[in-house]
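K.L.:
Give me a 3D structure for the following:
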Amino acid sequence: MLGRMAPDPPPHGSTVAQHVQQPDADLEQLGINVVRGLAMDAPARARSGHSGTAMALAPLAHVLYTRVMRHDPTDPDWPDRDRFVLSNGHASVLLYSMLYLCGYGLTLEDLKAFRQWGSRTPGHPEKHRVPGVEVTTGPLGQGFGNGVGMGVAERVLRARFGPELVDHHTFVVCGDGCLEEGVSHEAASLAGHLGLGRLVYVYDNNHISIDGPTELAYSDDVAERFHGYGWDVDDVGEVANDTEAIERALRRAMAVEDKPSLVMLRSHIGWPSPHLTDTAKAHGDPFGEEEIKETKAILGLPPEESFWVPDEVLQLYRRTIARGQELRSAWEARLERWSGERAAWDAAWAGRGLAGWEQKLPRFAPGTMVATRKAVNACLDATADLIPGVVAGAADLTGNTGMKIDGGERQSPEHPGGRQLYFGIREHGMAAAMTGMAHHRGVLPVGGTFFCFSDYMRPAVRLAAMSRAHVIYSWTHDSIGLGEDGPTHQPIEQLASLRAMPGLVVCRPADANECAQAWLLAVDGEEPVGLVLTRQEVPVLAQTADRAPAGVRRGGYVLVDEPGGAGAGPPDVVLVGTGSEVHVCVAAAEQLGSTGVRARVVSLPCWEWFEAQEPAYRAGVLPPGVPALAVEAGSSFGWERYADATVSIGTFGASAPGTRVMEELGFTPEHVAEQARALLGRWRGPGGDGRRRRGGPR
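P.N.:
This is a model prediction of the structure:
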């Protein structure tokens with residue numbers, strides 16, 4: 001059943017919706033069928049892709065983009081737009097078709113280049129590649145979690161700045177794969193607990209997976225499951241082709257303010273294909289030429305034409321432009337009249353601090369003992385009021401990870417503007433929600449857990465890195481130095497594995513002063529940053545107060561000069577450390593100096609920032625032809641680019657007091673000095689390593 005385009009309710013007194021020209025039902029149906037045709041044609045040309053889900057959900061997408069969502073194709077980043085997340089991102093051709101038709105800047109040629117090298121229509125939606133894609137999706141369940149983060153961001157901002165500036169919804173389309181992945185449980189549970197209204201999820205219940213019918217492995221009572229989470233659930237049944245019923249369901253869900261909503265929509269994948277409807281082949285494979293022709297004939301489309309879009313259909317969808325521009329203009333007028341804190345609004349939206357915020361960063365006295373997890377908490381407390389968008393929390397480890405804001409209200413229905421978010425024991429859901437918060441904008445999410453449990457976050461962290469989400473992770477208890485909890489909680493390989501992830505900045509500060517500089521750079525940056533921090537206290541080093549501000553920014557720097565300085569020639573050996581091992585290097589250098597070995601100490605907190613420096617700077621820190629010994633309480637993997645030998649760990653840890661574990665595994669000044677002498681002996685001896693070249697930049 002198809003009806004006329006229903007107008008939106010006027011936003012804040014605007015009468016814009018009254019000016020929308022209402023198309024007839026036949027034209028709407030033709031538009032929906034054209035979308036189905038594009039959903040077949042693009043994968044067929046690419047010989048790759050997923051047509052069936054896009055075909056089944058074409059009416060839903062039509063209703064969302066032409067009737068329900070407030071969006072402006074000419075300004076896709078308008079702050080008060082409704083957000084749309086396609087969690088089952090394999091149906092990307094549906095999103096691309098709507099973005100093309102509505103005028104977001106995609107062209108028909110872009111659709112023809114679906115899944116090809118350099119195209120703006122990749123196999124799964126990628127943020128930053130084309131306007132209108134809110135988040136990068138594809139790994140199932142991630143978009144589900146992103147949507148929850150967007151709901152948090154909208155509520156925080158609406159409470160802080162008022163509904164005249166922040167008054168929108170987040171729409172998420174998900175499938176059985178999203179609900180089967182565990183991240184959806186974590187995120188849905190959190191959303192229900194928080195009572196997040198203005199979240200409208202549509203569950204595409206098509207009963208088909210790649211292996212075949214979902215009944216092969218999936219028999220959940222989804223409605224009862226989400227009722228249990230505290231969601232509003234509306235099972236609308238067999239209405240996937242009924243635009244009036246779809247619109248009614250969406251608008252009813254939009255009116256729910258005290259809990260998230262799930263609309264369960266029974267669809268038929270590949271409809272109305274005569275041979276592939278409700279089959280696994282419709283899910284994972286492009287349709288063949290004859291099947292496309294037969295299906296187009298059923299739809300009333302020219303069977304012999306590909307990528308057919310008649311002018312009247314394009315005009316139908318392009319009507320969203322004028323409507324969206326008027327909605328946005330009305331919002332801009334409200335912003336202009338707004339008498340609130342404009343500097344705070346601008347800083348929040350930029351994910352930055354207010355002007356001069358960095359002056360509030362604490363400074364730590366040399367010789368004091370401070371765990372870097374406590375140093376980051378001091379930085380957070382000192383600057384939170386000057387970083388309007390910051391929202392901090394942890395996976396049930398708020399105090400342990402330095403994520404407790406002094407005096408911060410708990411995010412809850414009672415305190416919708418609360419900036420202290422208790423994520424519970426939901427690392428994966430936390431990370432996915434943080435990405436959604438960051439891409440919503442207006443919020444700078446900071447979230448913590450033990451470094452070992454970054455493994456639980458990894459899929460979401462990877463997508464944050466891929467999409468350049470401005471998030472800050474506080475990963476604490478970063479080595480065997482955490483002690484008695486033992487090898488299950490002592491990270492070994494995590495540093496190496498996360499350093500291998502493109503787009504993620506991993507920073508392991510040596511002491512509290514380095515930590516303050518890392519916090520500054522993480523807040524002022526644009527990419528995801530993982531701060532890797534100690535549980536145990538470490539000394540504030542004498543040199544970091546002066547050298548860390550410039551040195552941390554460059555990723556690595558000379559912390560302690562070799563005796564006699566550069567005028568005496570190059571050092572005999574360079575000791576390179578990160579985190580809690582840097583002070584061990586400093587003590588080892590003193591021991592070496594007492595025996596005539598000129599040792600330089602380099603702190604290398606961040607490989608990514610160091611690699612961004614010019615070659616001359618890197619060579620000045622790590623001189624070619626000088627042996628380097630890396631000291632880090634983790635895997636040696638990757639250190640060959642900077643060092644000729646390592647004091648590292650090739651096994652898992654042990655349960656004992658942290659100082660004892662560190663001693664037993666060789667992280668003492670005496671052992672480091674001994675290994676430096678051994679390296680020098682190999683370097684200088686017959687057939688030594690003096691001509692060996694270390695690995696270059698990444």
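K.L.:
What mean pLDDT does the helix or strand containing Thr435 get?
P.N.:
Thr435 belongs to helix 427-440 when elements are defined using DSSP states H and E. Mean per-residue pLDDT for helix 427-440: 98.
K.L.:
Only C-alpha atoms, please: export that helix in PDB.
P.N.:
Output for helix 427-440, consisting of C-alpha atoms alone and laid out as PDB, is shown next (Å, rounded to 0.1, in the frame of the first residue of the first chain):
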ATOM      1  CA  GLU A 427      34.100  -3.100  26.700                       C
ATOM      2  CA  HIS A 428      32.900  -3.900  23.200                       C
ATOM      3  CA  GLY A 429      29.700  -1.900  23.500                       C
ATOM      4  CA  MET A 430      31.500   0.900  25.100                       C
ATOM      5  CA  ALA A 431      34.000   1.200  22.300                       C
ATOM      6  CA  ALA A 432      31.300   1.100  19.600                       C
ATOM      7  CA  ALA A 433      29.200   3.700  21.500                       C
ATOM      8  CA  MET A 434      32.200   6.000  21.800                       C
ATOM      9  CA  THR A 435      32.700   5.900  18.000                       C
ATOM     10  CA  GLY A 436      29.100   6.900  17.600                       C
ATOM     11  CA  MET A 437      29.400   9.700  20.100                       C
ATOM     12  CA  ALA A 438      32.400  11.000  18.300                       C
ATOM     13  CA  HIS A 439      30.900  10.900  14.800                       C
ATOM     14  CA  HIS A 440      27.700  12.500  16.100                       C
END
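K.L.:
and it, what does it pack onto?
P.N.:
Taking 3 or more C-beta pairs under 8 Å, 6 or more residues apart in numbering; DSSP states H and E as contact, the helices and strands that helix 427-440 lies on are helix 142-161, helix 182-194, strand 390-394, strand 444-450, helix 454-467. All C-beta atoms are positioned from the backbone trio N, CA, C, and that covers glycine.
K.L.:
Please find the angle between the direction vectors of the first one and helix 427-440.
P.N.:
It refers to helix 142-161. Going by axes from the mean of the first three to the mean of the last three C-alpha atoms, to 10 degrees, helix 142-161 is angled at 60 degrees with respect to helix 427-440.
K.L.:
Centre of the chain to the following helix or strand past helix 142-161, how far?
P.N.:
On the C-terminal side of helix 142-161, the nearest following helix or strand under DSSP H and E is strand 170-175. Its chain's C-alpha centre lies 17 Å from the corresponding centre of strand 170-175 when counted by C-alpha atoms, centre = their mean, to the nearest Å.
K.L.:
cool, and stretch 191-204?
P.N.:
Between the centre of stretch 191-204 and the centre of its host chain there is 19 Å, according to C-alpha atoms, centre = their mean.
K.L.:
can you check stretch 590-599 too?
P.N.:
46 Å.
K.L.:
quick check: mean pLDDT across that stretch?
P.N.:
Stretch 590-599 comes out at a mean pLDDT of 97.
K.L.:
that's a strand at Pro79, yeah?
P.N.:
No - when DSSP: H, G, I helix; E, B strand; the rest coil is applied, Pro79 is found to be coil, with no strand at that position.
K.L.:
Based on its surroundings, how many neighbours for the nearest residue to it once chain neighbours are set aside?
P.N.:
For Pro79, ignoring the flanking residues on the chain, the nearest one in space by C-beta to C-beta, 6 or more residues apart in numbering is Trp349 at 6.5 Å. Trp349: 17 surrounding residues under other C-beta atoms under 10 Å.
K.L.:
Could you check the pLDDT of Trp349?
P.N.:
We have a pLDDT of 97 for Trp349.
K.L.:
Now do the same contact list for it.
P.N.:
79, 389, 441-442 (C-beta atoms under 8 Å, 6 or more residues apart in numbering).
K.L.:
got any ranges where the chain has weak pLDDT?
P.N.:
Within the chain, the set of residues satisfying pLDDT under 70 comprises 1-22, 687-698.
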